[in-house]
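structure of the sequence below:
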Amino acid sequence: MTRSDTSPRSLRPARSHRLRTALLVFAGWTVYGVLFANVIRAFSAVRPRPKMWGLLIYAWSEAWVWALFTAPIVWLARRFPVTTRTWPRSIPLHLGFALFFHCVVAGSGILLRPWVRPGYHEALWETMLSGILFDGFLYLMIVAIVHAFDAQTHALRLQNQLLEADLRVLRMQLQPHFLFNTLNAVSELVHLDPAAAERALTRLGDLLRWTLQSSSQAEVPLREELTALATYLEIQQIRHGEGLRFRVDAAADTLELGVPALLLQPLVENAIRHGIAGAPDGEVVIETRRAGNRLHMSIRDDGRGFVSGHREGTGLRTTRARLAGLYADDQVLQIGPASGRGSEVEIVVPAHLPRSDGAGRSA
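Model (predicted):
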């Protein structure tokens, strides 16, 4: 059984997140204090109006008390959620908590009054009653914000889980498609060239091993994708002979960027099957380059050329769906004629480091 990593390095991101959250809460209540002081001054019946600096000190003293209470209130909101099943118990509890926090805020105001509001006198019962509705509103507002945030987070989590399930289904469709096509290619060699068929089966085993190892990852480094593609290209070259040539021109600054596993293989397969299959020779060129925060990949052949209106097969349809699932509208897959002759497929995706859970990092 492995123990969780509790080293200072692993705890640093969590501490940093908590510190940022605390600073945001403090800043938010500070802004609230400024607004509250302006409201008091605008509606003050005292003439001349109280000095703004004194009102700010008074408003901040109350706002910062609420800042200290925010974390406990958030905990209470999550500990006692208001749902269709729990509201008969949760609502009275929250009303009681709201009354409790009002008493604490009012009590702290009474203790701080000699320093933050000198010369102001108000009976204890007036102090306790005057702000009960407003403090109750503040408490319930925090509870409502927590509920709305958690509901949105839950919805996004469910959406991500559905997206990951869809992507897994698409990949499960692609893997048998790839396997059957590759086995068909190898089977043609069994009687014609048993030695070549044996070499192809060995390389196919290497390719399937990599496919299984990467099956749990949403993305892999482009370096790994190109290594797996080289194995597939070797199988195709064994099948088609030396007349089939391949060239990979990958820019060094693209090799560690993330791409979906088995992204390029179905596109190269299309270039071979529909572009140069049956010809005495032909070349497929795979190029990758980076332009700013975009990764550009292209597969180009010098075969028969692009046929407008050609129906897309399983591999291409699945590739489009996977790209759309991972990157939504932030991706491009275009097919058209290459310069000179042949066809070209271009893919553009965000340039980022590989991600395993749908949360990529910019590279």
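
ends of stretch 302-320, what's the gap?
Terminal residues of stretch 302-320 lie 23 Å apart, using Cα to Cα, to the nearest Å.

my error: substitute stretch 211-220 in the last question.
Length of stretch 211-220, first residue to last, Cα to Cα: 11 Å.

for it, buried residues please.
Across stretch 211-220, burial judged by 16 or more other Cβ atoms under 10 Å covers T211, S214, Q217, A218, E219, V220. Glycine gets a C-beta too; all of them are placed from N, C-alpha and C.

any idea how far that stretch is from the chain center?
In terms of Cα atoms, centre = their mean, to the nearest Å, the centre of stretch 211-220 is set 17 Å apart from its chain centre.

before we move on, the earlier item: from the buried residues of stretch 211-220, which is closest to E198?
T211 (20.3 Å; Cβ to Cβ).

mind checking the SS state of that closest one?
helix (DSSP: H, G, I helix; E, B strand; the rest coil).

same check, this time on A22
helix.

tell me where the stretch 151-300 of the chain has strands.
220-221, 244-250, 258-259, 282-291, 294-301 (DSSP state E, counting those that start in this stretch).

for stretch 59-71, buried residues please.
In stretch 59-71, counting by 16+ other Cβ under 10 Å, buried: A59, W60, S61, E62, A63, W64, V65, W66, A67, F69, T70.

out of these, flag the one nearest to G107.
Comparing the buried residues of stretch 59-71 against G107 with Cβ to Cβ picks out V65 as the nearest, at 9.7 Å.

which helix or strand contains that closest one?
According to DSSP states H and E, V65 maps onto helix 52-79.

now do E224 against D302, distance only.
Distance, E224 to D302, using Cβ to Cβ, to the nearest Å: 27 Å.

let me fix that: Y139
As it turns out, when the distance is counted by Cβ to Cβ, Y139 lies 72 Å from D302.

more neighbours, the two?
Neighbours were counted for Y139 and for D302 using other Cβ atoms under 10 Å; Y139 has more, 24 against 20.

confidence score at the nearest residue to that one once chain neighbours are set aside?
Spatial nearest neighbour of Y139, chain neighbours left out: A98 (4.0 Å); criterion: Cβ to Cβ, 6 or more residues apart in numbering. Note for A98: predicted pLDDT of 88.

mind listing what A98 touches?
By Cβ atoms under 8 Å, 6 or more residues apart in numbering, the contact set of A98 is D135, G136, Y139, L140.

the last one: which element?
Under the criterion DSSP H and E, the helix or strand holding L140 is helix 132-192.

now Q334. Its backbone dihedrals?
phi -120, psi 140 (degrees, to the nearest 10).

and the pLDDT for R311?
Reported pLDDT for R311: 65.

isn't V146 up against R78?
Yes. Assessed by Cβ atoms under 8 Å, V146 is found in contact with R78 at 6.5 Å.

the more surrounded of the two?
Each of V146 and R78 has its neighbours counted (other Cβ under 10 Å); V146 has more, 18 against 12.

give the contact list for the more buried one.
Here V146 is in contact with I73, V74, A77, R78 (Cβ under 8 Å, 6+ apart).

pLDDT score for the first one?
It stands for I73. On the pLDDT scale, I73 is placed at 91.

for A351, see how far away it is.
Computed as Cβ to Cβ, the I73 to A351 distance reads 42 Å.

please apply the same query to the last one.
Computed with Cβ to Cβ, the distance linking R78 and A351 is 38 Å.

circling back: and which of the contacts of A98 is nearest to G28?
Closest to G28, out of all of the contacts of A98 and judged by Cβ to Cβ, is Y139, at 15.2 Å.

quick one, what contacts the closest one?
Neighbour list for Y139: I73, H94, F97, A98, F101, H102 [criterion: Cβ under 8 Å, 6+ apart].

surely A218 meets L326?
Yes. Between A218 and L326 there is a contact under Cβ under 8 Å: 7.0 Å.

and the strands of the stretch 151-300 of the chain, which is most packed in?
strand 258-259 (a mean of 25; mean count of other Cβ atoms under 10 Å).

and that one, what other elements does it pack with?
For strand 258-259, the elements it packs on are strand 220-221, helix 222-240, judged by 3 or more Cβ pairs under 8 Å, 6 or more residues apart in numbering; DSSP states H and E.

could I get the ones you listed as JSON lines with distance to A106 and mean pLDDT?
Putting the helices and strands packed on strand 258-259 into JSON lines (distance: least, Cβ to Cβ, whole Å; pLDDT from 0 to 100) gives the following:
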{"stretch": "strand 220-221", "distance to A106": "59", "mean pLDDT": "92"}
{"stretch": "helix 222-240", "distance to A106": "62", "mean pLDDT": "86"}
